[in-house]
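Student: Structure of the sequence below:
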Amino acid sequence: QMLPPHPRKLPHGDLEVSLVPFGAEALEMFLRLEQPAPPGAPPEDDDYETIGQFYAAIEQGLRHLCETLGEKEVFCGDPARQVSGARFRHTTGSLFAVDDLESALGALKEIVEQGEGNARGEVWDGDQDVLHPERDEVAHYYRFQELKLGRRYQRGDTPKTGPTGEKVGVDPDGVLPMTPNPRPAEPGTAVRAAQDLFDTTYSTLLNLLEQAFNGDPKRLTDATRTMFTLRAHAQALMALPGGAGPTFTYVPREARSASMAKEGAA
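Tutor: Presented below is the predicted three-dimensional model:
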């Protein structure tokens, strides 16, 4: 099975992820996933305590390969197969082609900073907030802290001070009552049809991302468009009664084609 059902552990670690409605349980899970590595934490490629330590192990491996084989032997692919900022400008941060050790390490640094904050132990990821250019962008871990503690971080705040800015309000009535870790509904029901539509779109998205990062960078535009379609399918599914939710089940390409052909015939 390509994707086991939730809850499930992330590969090579003990971090468990579930599909749950927004709330205290979801926030604690996100905080655990994005938790910054403690100072001096060693790289860990297996049984890691933090994602940052896993990325540090990837960096260690890249450096070892370049020292052993030579940088040109490691980064020997066709540059035209790389995704770069010239093709994709939809988010904050930097998107650039990886064609040598420096750019590979830069990409890893970008990932860690967006999740955990920068290496100086600050709450910011080094970018400006897209929606509020007057603010610095808060790293994911500290964004979740804002939601948990009910205040925004402002300039001058640190991980020790916590957020001291304006209050953040969360309306619990706006949270849809999804059943945790949804399972497929009975065939022939409206919920199952909506779940199947979501899963088909989700699987198409995975294939588009695979193509984009395996030599066809223009597919990233199609993948981004499909993400918005997936969100619409999720919203429609969760609006159905009974706490319906997506299962994120992978549908093989041939099964998707057969389903589409069947719908077309109908």
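Student: Quick check: end-to-end length of stretch 36-50?
Tutor: 7 Å (CA to CA, to the nearest Å).
Student: who's in contact with that stretch?
Tutor: Here stretch 36-50 makes contact (CB atoms under 8 Å, 6 or more residues apart in numbering) with 12-14, 35, 52-54, 56-61, 116-117, 121, 141, 159. In this view, the C-beta of every residue, glycine as well, is placed from N, C-alpha and C.
Student: Just the buried subset of those residues, written out for PyMOL, thanks.
Tutor: Restricted to buried positions by 16 or more other CB atoms under 10 Å, the PyMOL selection for the contacts of stretch 36-50 reads:
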select buried, resi 13+35+52+53+54+56+57+59+116+117+141
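Student: if you look at the contacts of stretch 36-50, which of them are in strands?
Tutor: Assignment to strands by DSSP state E places none of these there.
Student: Next step: the contacts of stretch 36-50 restricted to helices.
Tutor: Among these, the residues falling in helices (DSSP state H) are Gly52, Gln53, Phe54, Ala56, Ala57, Ile58, Glu59, Gln60, Gly61, Glu116, Tyr141.
Student: Could you pull up the residues touching the closest residue to Tyr142 other than its chain neighbours?
Tutor: Leaving aside its sequence neighbours, Tyr142 sits nearest to Val123 (CB to CB, 6 or more residues apart in numbering; 4.1 Å). For Val123, the contacting residues are Gly117, Val138, Ala139, Tyr142, Tyr153, Asp157, Thr158, Pro159, by CB under 8 Å, 6+ apart.
Student: how about a cut-off of 10 Å?
Tutor: 36, 116-117, 136-139, 141-143, 145-146, 153-154, 157-159, 161-163 (CB atoms under 10 Å, 6 or more residues apart in numbering).
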